[in-house]
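S.K.: What follows is a protein structure lacking sequence information:
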């Protein structure tokens, strides 16, 4: 299993097999460099586009999630609770893994896992996740699971003894 | 907390609580009582009655009218109640008379109603009302002016004298009045009180008031037609109009004319009765007499006359006239024995016997002498025996009824039915006690439930320096029971046979263990104090009397007196460590009209005197005279770890019990914060005045309460009752609404309800008893000039019941109304003033919001209480004793004043509010007393069990009834049908699966590591 996830950087530096030496390719050295440059540029552009797509993906799935919430109903049951739990937990999970998630889309020049790469996309991604979270919280509220009323804190209130004693 | 309350509500809604038939008689018990016999007049006193059956055999019953307004028949064989006839509270039983298989009884003032009952079954045969209760003439005593007689000759028609001047003959079968005769001079001063019927003539004998004494007056009326024959004044002078005259007849000698016997100036005189009333009075010569006693044999021609020296003589009316036939030996007044009680009885053949019973101070035993006048060839035969009567348990003998068997010549066997001063009735066959009934329990004045200690499992052993050998032996012997224990444990674990909430908690019959509670705290000891100077400890598991003590009178023993219980306090519970203690505060009224306040301090488990543990258990319980004078009020106050009884005398001086230095210091420290409302002013115009206690003692060395405020009631109103809010734990401080806002409960600890009334209306106030503010006030109609309002106050709610006799409009009806009031803090939702720990002197303490709603109760009730649980989490039920002799519970959910008057909205549904319906559902499944007829309940005590869901209920007044209720179901124990075996089997199966699967999985993992890819 571990064999399938070999890092590509490992085989980049291996010596080429015999007969496939670097010298053989020097013949057509110039033109391929140009084309590869253009390819790299379009590749980078593609990566940026993909990064943008990825950033707004949570927002795109919102209507579907809203529909699911609607279908699951307002009662406190296993299905609605599962969906709400997913809605509440996935933003946090996503945000925790934000750098790794954006690493494949990092431009070649920037360190792929740095926080500073793709900042704009990450901010949008963050906002979209907040939207999901908000949807989850809204659902919680509508289900009465958020402790917003005084009634939710009543059990924690305490009272002391009365300062006066009346005998009866 | 909210989840819990929701759960509880769900429980309550899904399966409405009801008693299972399998639990009836197991979780509850009922002790039917008849009450203490009315022995002061012959017409109501206990008497044996022999009933002949169709096949010639006979059986007896003991008939008696009682102070609880019941006519009862007891089975003399085992002391069970053969039957009892319960009269309405306003219709007192006045007289009864037995004849063959019929018992006739007259009740209501002046003898308003005649009833004929079957003597064997108590079934009502005939009922006839002569006049309305209000039309009855009131006499003192009530029995005067009423008499009953049977027509011996014919079909057993009844003659009834009522209102002291009207004589009626009533048909035995139909109850029709055959004829009636009214004395023409009813407005004059003649009051008839005796009645005798012969086959031809009925004589009514009464007294006419003359200047210093009474004169006899006789009227003769034809028995057939009711025609008036004649009437005369017999020249006589009687001083005591109640006891000093009666009519003597001899049914063994029908030809002998009946005679009036009376005592006049120390001489017995007689007047023979003939229809013409032409005879002249005669005098019995021989001795000076002190009094004459009708022993219940006046129709059999015998009575007892007491001479000046106290000696008793038996006088008989025979063919040869009225003659002294016997004088009881050694019956003269003496220091060695008490005054004798004389009583007459019959044998199977109708021969009369007279018993003399007295208590000997020398032998400490009771003695009985039976005179059989007809035996020994008419010379008279006396047999005697002594009774080992327990005077320390039952006081003194106050009345004796006798039944005689004469199986052979010279053999006389007696059965004595004793009534004692503590209210016990006993049946003795010769000198053997057959049975005893504690009828005094029908007059319980105060009662309290006391928790029992846990069962002592570990036995104490010797100290640390125990030799090794001995210790080994002890531990081995301790371990002897281990295999059985282990077996029991395993069985219990597998089958789940744990203690059940629906099983009896009564100890096994042969258990001699000390008192201990059960797993759930259902077993308590009921301390009950009766008006007849006796305190009982009753096992709440089965109603058995565990112990009882008779109160000593202290110095008043010389002059006599009685003890009136006022309040009972549990000053120490088992939770405080050590043995529990109760303090009973009483007032002792000595016969010389001096009143003292006396305290009795007892251990509720044993009945032992806490003040003097060395005093013998079988002696009288002596009290402590704390105040030489009457008591105004008494309270229990918690000062640090100990509870102190605070008593106020008539000068509002404070007395403490126990009165030690530490307690005095603690009391002085607590003084500035103590407030007490007292009833002040003349009777009928009492006002409520708030008092504080002076910080410095007065010159008497006592602190004195000083008035601080007065509740200004209208001058016509009198305070009838003050009901404080019970001090019990409250789990939730507010009520959460559907939109999750909160209504904070108004939990002012000084909240009290005051019932005040004048002749035209009643008032109900809710006041703050620390500062005297009226928080809620309502004016209610009074019923017949009396305020009959039943109130229960708990937490933040008040429920009261009254009778609405007004016909306000077309759509209104008379009936019993029950009103539910709830008080919340501030001006609405989410407004909290912290009322439970807010100073009463704060302005905010009166800011309340009230919700109230009226409902219709199906019937009248005699008392109303709410259930009580340990932590106050369980919802409260209202328990009432209703007029149809039942104890019933009503869930408070139905009495919620916030029930909407339309279809409830979703938010209201979330609060489990149901639509308002004025009529409370009268659910027969909620009748706690199921098939029992719980008669005469005046009070109900509720007490928490250890199990939060369950509350214990004890009802008293006449019958005793005990049960336990779980208003929100037993949510804190697994239900009875929980399948423990299945659970255990499932777990065992899973464990087995793990054991099997674990090695397999391990092996598979290893294989994968070697051979995969």
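M.R.: That came through, no problem. On a predicted model such as this, the values are computed, not experimentally measured, just so you know.

S.K.: residue contacts, residue A:130?
M.R.: Residue A:130 makes contact with residue A:91 under the criterion C-beta atoms under 8 Å, 6 or more residues apart in numbering or on different chains. Every residue, glycine included, has its C-beta placed from N, CA and C.

S.K.: Residue A:107 now?
M.R.: Residues counted as contacts of residue A:107 (C-beta under 8 Å, 6+ apart) are A:44, A:47-48, A:117.

S.K.: Helices - which of these land there?
M.R.: Using DSSP state H, the subset of the contacts of residue A:107 located in helices is A:44, A:47-48.

S.K.: okay, those residues in JSON lines with pLDDT next?
M.R.: What follows is those, written out as JSON lines (pLDDT from 0 to 100):
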{"residue": "A:44", "pLDDT": "85"}
{"residue": "A:47", "pLDDT": "87"}
{"residue": "A:48", "pLDDT": "87"}
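
S.K.: ok, back up a step: considering the contacts of residue A:107, which possesses the most neighbours?
M.R.: Within those, neighbour counts (other C-beta atoms under 10 Å in any protein chain shown) peak at residue A:117, which reaches 19 neighbours.

S.K.: show me the contacts for that one.
M.R.: If you count contacts by C-beta under 8 Å, 6+ apart, residue A:117 has them with A:102, A:106-107, A:110-111.

S.K.: Just the helices from chain A, written as ranges.
M.R.: Going by DSSP H, chain A shows helices at A:8-12, A:30-60, A:62-72, A:78-96, A:98-102, A:119-143.

S.K.: interface residues of chain A facing chain B?
M.R.: Neighbours of chain B within chain A, by C-beta under 8 Å from any C-beta of the partner chain: A:1, A:3, A:144, A:148-152, A:154-155, A:157, A:159-168.

S.K.: among those, which ones are buried?
M.R.: By neighbour count, with 16 or more other C-beta atoms under 10 Å in any protein chain shown, the residues of chain A next to chain B hold A:144, A:149-152, A:154-155, A:162, A:164-168 as buried.

S.K.: what's the distance between residue B:756 and residue B:762?
M.R.: In this view, residue B:756 and residue B:762 are 7 Å apart by C-beta to C-beta, to the nearest Å.

S.K.: who touches both of these two?
M.R.: By C-beta under 8 Å, 6+ apart, the residues touching both residue B:756 and residue B:762 are B:720, B:787.

S.K.: Same drill for these two, tell me which one is more crowded.
M.R.: residue B:756 (26 against 21).

S.K.: Burial check on the residue nearest to the more buried one when sequence neighbours are not counted, number of neighbours?
M.R.: Leaving aside its chain neighbours, residue B:756 sits nearest to residue B:717 (4.2 Å; criterion: C-beta to C-beta, 6 or more residues apart in numbering or on different chains). Neighbouring residues of residue B:717 were enumerated by other C-beta under 10 Å; the total is 22.

S.K.: residues in contact with residue B:717?
M.R.: B:756-758, B:763.

S.K.: how about low-confidence regions in chain B?
M.R.: Residue ranges of chain B with pLDDT under 70: B:1-18, B:153-154, B:185-188, B:457-464, B:495-499, B:508-512, B:808, B:1012-1013.

S.K.: Show me the longest helix that occurs in it.
M.R.: Looking across chain B with DSSP H, the single longest helix is helix B:980-1011.

S.K.: near chain A at all, that helix?
M.R.: No - against chain A, helix B:980-1011 shows no contacts by C-beta under 8 Å from any C-beta, the least distance being 10.6 Å.

S.K.: What residues sit buried inside that helix?
M.R.: Under 16+ other C-beta under 10 Å, helix B:980-1011 has no buried positions.

S.K.: again with stretch A:48-59
M.R.: Buried residues in stretch A:48-59 (16+ other C-beta under 10 Å): A:48, A:51-52, A:54-55, A:58.

S.K.: list the helices and strands the strand or helix carrying residue B:537 packs on?
M.R.: Secondary structure assigned from DSSP states H and E places residue B:537 in strand B:534-539. The contact analysis (3 or more C-beta pairs under 8 Å, 6 or more residues apart in numbering or on different chains; DSSP states H and E) places strand B:534-539 against strand B:524-530, strand B:545-550.

S.K.: and among those strands, the most buried is which?
M.R.: Highest mean neighbour count of the helices and strands packed on strand B:534-539: strand B:524-530, a mean of 26 (counted as mean count of other C-beta atoms under 10 Å in any protein chain shown).

S.K.: what does that strand contact?
M.R.: For strand B:524-530, contacts defined as C-beta under 8 Å, 6+ apart pick out B:422-423, B:440-441, B:443-452, B:515, B:517, B:535-540, B:546, B:565, B:568, B:582, B:584, B:586, B:602, B:604-605, B:943, B:952, B:954, B:956, B:962.

S.K.: Just the buried subset of those residues, please.
M.R.: Among the contacts of strand B:524-530, those classed as buried by 16+ other C-beta under 10 Å are B:422-423, B:440-441, B:443-452, B:515, B:517, B:535-540, B:546, B:565, B:568, B:582, B:584, B:586, B:602, B:604-605, B:943, B:952, B:954, B:956, B:962.

S.K.: Tell me who's in contact with residue B:552.
M.R.: For residue B:552, counting by C-beta under 8 Å, 6+ apart, the contacting residues are B:619-623.

S.K.: and what of residue B:708?
M.R.: Per C-beta under 8 Å, 6+ apart, neighbours of residue B:708: B:675, B:690-692, B:772.

S.K.: redo that, cut-off 6 Å
M.R.: Residues counted as contacts of residue B:708 (C-beta atoms under 6 Å, 6 or more residues apart in numbering or on different chains) are B:690, B:692.

S.K.: what about it, distance to residue B:653?
M.R.: Separation of residue B:708 from residue B:653 (C-beta to C-beta) stands at 17 Å.

S.K.: hey, which helix or strand in chain A has the poorest pLDDT?
M.R.: helix A:8-12 (a mean of 60; mean pLDDT, DSSP states H and E).

S.K.: about what we covered before: same list (the helices of chain A) but as JSON lines, adding distance to residue B:990.
M.R.: JSON lines is the format used below for these (distance: least, C-beta to C-beta, whole Å):
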{"stretch": "helix A:8-12", "distance to residue B:990": "47"}
{"stretch": "helix A:30-60", "distance to residue B:990": "40"}
{"stretch": "helix A:62-72", "distance to residue B:990": "31"}
{"stretch": "helix A:78-96", "distance to residue B:990": "22"}
{"stretch": "helix A:98-102", "distance to residue B:990": "39"}
{"stretch": "helix A:119-143", "distance to residue B:990": "34"}
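
S.K.: Now the residue minimising distance to the centre of chain A. Nearest residue, chain neighbours left out?
M.R.: The centroid of chain A falls nearest to residue A:94 when counting by C-alpha atoms, centre = their mean (3.0 Å). Among residues not flanking residue A:94 along the chain, residue A:129 sits closest, at 5.1 Å (C-beta to C-beta, 6+ apart).

S.K.: Residue of chain B closest to chain A, please.
M.R.: Of all residues in chain B, the one sitting closest to chain A is residue B:740 (2.8 Å; C-beta to the nearest C-beta).

S.K.: Tell me if residue B:180 really is in a helix.
M.R.: No - Residue B:180 is assigned strand when assessed by DSSP: H, G, I helix; E, B strand; the rest coil, not a helix.

S.K.: And it, how far from residue B:347?
M.R.: According to C-beta to C-beta, residue B:180 and residue B:347 sit 37 Å apart.

S.K.: higher neighbour count, the two?
M.R.: More neighbours surround residue B:347 than the other of residue B:180 and residue B:347, with 20 against 14 (other C-beta under 10 Å).

S.K.: Got the domain ranges for chain B?
M.R.: In terms of domains, chain B is parsed into B:1-30+B:859-975, B:37-143, B:715-857, B:979-1013 (source: automatic domain parsing).

S.K.: For stretch B:949-960, what is the distance to the chain centroid?
M.R.: Mean C-alpha position of stretch B:949-960 versus that of the full chain (C-alpha atoms, centre = their mean, to the nearest Å) differs by 12 Å.

S.K.: Understood, closing this out.
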